[in-house]
Every structure is written in structure tokens, then in C-alpha cells.
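Colleague: show me the folded form of this:
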Amino acid sequence: MYKVYVDGQYGTTGLEINKRLEGRTDIELLKMDESKRKDNAERARLINTADIVFLCLPDDASREAVSFLENPNTRLIDASTAHRTSDGWVYGIPELSKERRNEIKTAKKVTNPGCFATGFVALMYPLVLQGIVAATYPVTCNSITGYSGRGKKWIDEFEAGDGEILSSPCFYALELNHKHLPEMQKHSGLSNPPIFTPVIANFYRGMTVAIPLYPHLFGKKQNARELCSFFSDYYGGQKFVKVLPFNSQENFELGFLNATACNNTNNLEILIFGGDERILAVSRLDNLGKGASGAAVQNMNIMLGLNEETGLK
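Modeller: The predicted structure follows:
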């Protein structure tokens with residue numbers, strides 16, 4: 001039986017991971033007494049006792065936790081932004097390639113992608129890799145997400161009654177320097193970061209990530225239908241990345257695309273809209289699922305050689 005410890009078990013992602021792990025008979029979930037939350041000696045003991053450690057912490061605390069590591073057999077999955085572009089860490093989207101899945105399987109340190117970055121990289125990485133979109137393409141990206149993406153403090157404040165600020169959907173990160181940009185650029189293979197404009201709205205979880213594209217700028221000519229076929233082939237056989245048929249766009253009521261359809265799953269859906277002159281590539285996911293805790297558990301399953309879907313169906 002594998003020993004698993006969640007460092008930061010009381011935060012949003014930590015709570016979600018615990019929820020997904022509770023009741024599993026193939027792991028022993030190590031718990032820290034709440035009274036010892038700031039006891040670094042106890043944290044270090046648990047980290048070095050576990051086979052897998054999830055780091056669900058602010059960046060500085062995550063780096064501190066890594067410094068406690070002494071056991072060469074302990075393996076880390078970091079859900080913070082601290083190591084997403086660092087050497088020595090494997091970026092945890094196994095669907096990107098067979099090689100990436102194998103890297104995760106043998107890795108000592110896996111960095112869990114950000115929620116926006118997961119949707120973005122799932123779209124852009126194959127396009128850049130296959131030469132459909134040049135690395136120098138001036139990419140823009142728009143996204144809408146539920147308010148849980150801002151973390152426990154924001155959730156507590158919002159649900160305590162300070163919801164007036166979200167009386168309408170709101171753009172944020174208006175300095176155009178969102179913390180996910182470095183990983184979005186690096187792990188998609190782009191020469192420059194995208195112009196990224198996220199929107200937060202008055203619903204708890206769920207998100208869409210949308211990238212508008214001009215086919216006449218492609219390195220390989222593709223219209224919208226052909227691009228949908230490309231993604232279907234690229235992600236064929238994946239358990240959690242699903243490309244919806246091109247004509248499925250006709251089934252959306254009144255032409256609207258709901259951001260919550262993948263909630264409480266570990267699925268990421270890819271949808272392609274448009275025609276010969278303009279394309280909109282969209283990914284849809286649960287920001288707390290495939291965008292955080294679900295992806296972390298999936299990576300753990302791969303690292304331990306377990307069925308990838310265990311605890312995630």
C-alpha cells in the first residue's frame with residue numbers, strides 16, 4: 001500500500017485531492033493534525049515518510065517543502081506555480097505525447113499545470129509541434145472561469161456576502177501579466193507569451209479557454225473542420241481529453257457554449273468553431289478537476305503504475 005501525504009490539505013486543491021483519495025484501498029493517506037499545521041519538523045517527517053507528496057501550497061511554502069526532502073524514494077507533485085518552468089521538473093500533462101506520459105511515470109518531481117495553462121497548452125502544443133501554427137504566431141487567448149480559481153481566501157470572502165464585485169463577469173489580470181503566462185509560453189513552444197485576458201464570473205467552478213486563429217497565417221493550410229479532425233487524431237484514445245465532433249456545435253442551445261459541462265470530472269473537451277477564414281479553438285474543463293486536483297491524482301496514478309482512471313471516473 002502506497003503512503004500519500006497532502007501538504008496543504010486545508011486549501012482548495014488540497015481538500016479536493018483528499019476528497020478524491022478518501023476511500024481508496026490502494027493507498028494510505030497520511031494526515032497532519034491541524035494543531036501542527038505550522039510545525040515544520042512534523043511536515044518534514046510526513047514528507048519523508050510518504051511515497052507521494054502533493055504540495056498544495058503558496059509558492060514560497062512549496063519551495064520550503066522541497067527543501068525538507070531527504071528520502072530518495074519520496075516523489076513530489078507540486079500544485080503551485082513554483083516549479084512549472086523549472087529544470088528537473090516534469091510538466092504534468094500526460095496527453096501531450098507518449099514521451100511525456102513516460103517522463104511522468106518515472107519522474108521524481110512533477111509540476112501540476114495551472115488550470116488556464118492546461119486548456120491553453122492542450123490546444124497550442126500540438127499546433128506548434130506539427131507546424132500548423134508558427135512559434136512566432138501572435139497568439140491571443142480569452143478565458144472565463146468560476147470564482148473558485150482565485151483560491152480559498154477569495155471563495156470565503158465571496159461566499160460571506162461580498163459578491164457585489166461579481167455582479168457581472170469581470171476581466172482581471174489587467175496588467176496582462178497573469179502568473180500562468182510563463183508556463184503557457186514555454187510548454188506550448190511559443191516564442192512569445194500570448195496576450196491573455198481572463199474573465200471571472202459568478203459561478204463556483206468550470207472554465208473555457210478560447211484561442212482565435214486565422215487560417216491564412218497557418219504553416220499548413222487547415223480550415224475549421226480539418227483542424228477538428230487534426231485534434232481528433234492527435235488525442236485519439238486518450239481517456240480524459242475528448243475532441244467533440246465538428247458538427248456538435250449545432251447542438252448547443254441558442255448557440256451558447258456552457259463553461260460548466262465538465263464540472264466534477266477530470267475531462268478536458270476540445271471544440272472547434274468557424275470555417276475557412278476564421279477559427280475559434282476552445283478547451284473546456286473543471287478548473288478544480290483537470291485544472292488542479294484531478295490532474296494531480298491522474299499524475300499520481302501514472303507515477304505509481306496504477307490505472308490512470310482510478311478515483312477519477
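Colleague: contacts, neighbours, all on C-alpha from now
Modeller: Fine.
Colleague: tell me how many other residues surround residue 100.
Modeller: Residue 100: 15 surrounding residues under other Cα atoms under 10 Å.
Colleague: and for it, nearest residue in space, chain neighbours not counted?
Modeller: Leaving aside its sequence neighbours, residue 100 sits nearest to residue 94 (Cα to Cα, 6 or more residues apart in numbering; 5.4 Å).
Colleague: pLDDT value on the one you found, please?
Modeller: Here the pLDDT value assigned to residue 94 is 98.
Colleague: separation between it and residue 207?
Modeller: 20 Å (Cα to Cα, to the nearest Å).
Colleague: one step back: contact partners for the residue nearest to residue 100?
Modeller: 100, 101, 104, 299 (Cα atoms under 8 Å, 6 or more residues apart in numbering).
Colleague: what about the strands in the stretch 201-313 of the chain?
Modeller: 207-213, 241-243, 268-274, 279-285 (DSSP state E, counting those that start in this stretch).
Colleague: so which of these comes closest to residue 198?
Modeller: Closest approach to residue 198 among these is made by strand 207-213 (8.6 Å; Cα to Cα).
Colleague: which residues sit against the closest one?
Modeller: With Cα under 8 Å, 6+ apart, strand 207-213 has contacts from 116, 119-120, 139-146, 259-260, 278-287.
Colleague: and if you look at stretch 66-81?
Modeller: 13, 44, 47-59, 62, 107-114, 179-180, 292, 296, 299-300.
Colleague: out of the residues you listed, which end up buried?
Modeller: If you count burial by 16 or more other Cα atoms under 10 Å, the buried members of those come out as 13, 44, 47-57, 59, 62, 107-114, 180, 292, 296, 299-300.
Colleague: which of the residues you listed fall within helices?
Modeller: Among the buried ones among the contacts of stretch 66-81, the members falling in helices (DSSP state H) are 13, 44, 47, 48, 49, 59, 62, 296, 299, 300.
Colleague: how close does the residue lying closest to the fourth one once chain neighbours are set aside get to residue 44?
Modeller: The shortest distance from residue 48 to any residue that is not its chain neighbour, by Cα to Cα, 6+ apart, is 5.2 Å, and that residue is residue 71. Distance, residue 71 to residue 44, by Cα to Cα: 10 Å.
Colleague: same question, residue 2
Modeller: In terms of Cα to Cα, residue 2 sits 18 Å off from residue 44.
Colleague: just residue 159 next, same as before
Modeller: Taken as Cα to Cα, the span from residue 159 to residue 44 is 34 Å.
Colleague: try residue 62
Modeller: 12 Å.
Colleague: could you check the helix or strand of the chain with the lowest mean pLDDT and say which residues are buried?
Modeller: Scoring the helices and strands of the chain by mean pLDDT, DSSP states H and E places helix 152-159 at the bottom, with a mean of 70. Burial within helix 152-159, assessed by neighbour count using 16+ other Cα under 10 Å, is assigned to 155, 158.
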